[in-house]
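> okay, sequence plus prediction incoming.
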Amino acid sequence: MKRSLILLVGLVFSTSTFADQNLGLPPLTIPNDNPQSIEKISLGKILFNDNRFSKDGTVSCASCHVVAKSYTDGLAVAKGINGQRGTRNSPTLVNAAFFNTLFLDGRANSLEEQALGPLVNPIEHGLESHQLIVDVIVNDTHYIQQFEKVFDIKKDEITIQHVSKAIASFERTLISGDSPFDRYLFGRDHSALSSSAERGLDVFKRNGNCVTCHEISWNNALFSDNRFYNIGVGFKNLTSILDQFIDDINLGKTPEEIPITAGQRSELGRFNVTKDVKDIGKFKTPTLRNIALTAPYMHDGSFKTLEEVIEYYDKGGDKNHFIDSKIFPLHLTQQEKTDLLEFMKSLTSSNIP
């Protein structure tokens, strides 16, 4: 069971002001077992920024989710402890509260679940167990006081689930609408978009075929359908092993038993979650909100600019046996590409948290 509410955090807004600042977004749903409070959100923010929750004391959640970059890190792939590099791009946390699944392969079903994953990832935070986080907390007087106040529990009752709930509560405040596009479409202000961006919206909905996956509803737009697609990016890294890999799967081997590199395993995408061969190479449709601030792009960070992204889709992606039928050559004109770029720039919000 979940309930929808207007979330007022830190400052007291009038309903109309809040609605204006989040124009274009749907109602926010809050789990009944983790209600919001200003105190819990404040605690979650402190936890989010605490680099003691990493093996070498250098990495916090905020390391890969930087405010100025719309809660991404500007790197092709995430950087963890001891300077190690991961295999995937850090997705934005802005508006993640609206998503059905988290991570690029959708392996988490809630912000509470998502918050725990990186902490015990050997490359990211590198901790051997979540208990190490609890150990830090119960030896910190300020934390003990905050947890007792927020959750009405004693020191010896603090668990990692309380930690994840606090972090998730903070992440649910990272919501951002009110872009020029929102004022144009949902606010009925037709002066909000330039002529080029207005034409770009038409390309987005028609010749560009973008709206098929980056959905726009009649009263809101998350610019993601919460589904998974193989668009060809990175798939060539699987070419040399794919036939044998599928044969081994069909013979009853588990994916973990098949010797492939960490990079290749990462490129399997959604398959790593579902174990279904048809999901090989599929990744989640990302939101396009604030897209101009979140370079580089794609799940592997392989495209540095939005121009590169547009060119990739225009040529129909890198073909493979698993590529989605929605990916095909677009044959856009140069003017259409320019206008589409201007439209995507119009998705930058005025109130990035």
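Here it is on my side, so go on.

> how near is F228 to V273?
For F228, the distance to V273 (CB to CB, to the nearest Å) stands at 9 Å. All C-beta spots, glycine's among them, are computed from the backbone N, C-alpha and C.

> neighbour-wise, which of these two wins?
The neighbour comparison of F228 against V273 (other CB atoms under 10 Å) goes to F228, with 22 against 17.

> in the stretch 151-300 of the chain, which ranges drop under the pLDDT threshold?
Judged against pLDDT under 70, the stretch 151-300 of the chain has no low-scoring part.

> ranges for the strands of the stretch 151-300 of the chain?
228-229, 283-284 (DSSP state E, counting those that start in this stretch).

> of all those, which lies closest to D33?
Proximity to D33 (CB to CB) singles out strand 283-284 among the strands of the stretch 151-300 of the chain, at 24.9 Å.

> given the closest one, what are its sheet partners and their directions?
Under the criterion DSSP bridges, strand 283-284 sits next to strand 228-229 (antiparallel) in its sheet.

> overlap in contacts of F228 and V273?
D105, G106, D279 (CB atoms under 8 Å, 6 or more residues apart in numbering).

> the second one: which element?
When you say that, I think you mean G106. Counting by DSSP states H and E, no helix or strand carries G106.

> contacts only, for the nearest residue to it once chain neighbours are set aside.
Once flanking residues are discounted, G106 sits nearest to K284: 5.4 Å by CB to CB, 6 or more residues apart in numbering. By CB under 8 Å, 6+ apart, the residues touching K284 are T101, F103, L104, D105, G106, S224, N226, R227, F228, R270.

> and K284, how far is that from S110?
Relative to S110, K284 is positioned 15 Å away (CB to CB).

> what does N32 give?
N32 is 12 Å from S110, where distance means CB to CB.

> and the helices in this structure?
15-21, 38-48, 61-64, 111-116, 131-138, 141-151, 160-171, 180-185, 195-205, 242-250, 262-267, 271-274, 306-315, 334-345 (DSSP state H).

> with distance to S325 added, can I get these in JSON lines?
JSON lines is the format used below for these (distance: least, CB to CB, whole Å):
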{"stretch": "helix 15-21", "distance to S325": "38"}
{"stretch": "helix 38-48", "distance to S325": "40"}
{"stretch": "helix 61-64", "distance to S325": "33"}
{"stretch": "helix 111-116", "distance to S325": "30"}
{"stretch": "helix 131-138", "distance to S325": "44"}
{"stretch": "helix 141-151", "distance to S325": "48"}
{"stretch": "helix 160-171", "distance to S325": "34"}
{"stretch": "helix 180-185", "distance to S325": "28"}
{"stretch": "helix 195-205", "distance to S325": "19"}
{"stretch": "helix 242-250", "distance to S325": "19"}
{"stretch": "helix 262-267", "distance to S325": "20"}
{"stretch": "helix 271-274", "distance to S325": "18"}
{"stretch": "helix 306-315", "distance to S325": "14"}
{"stretch": "helix 334-345", "distance to S325": "21"}
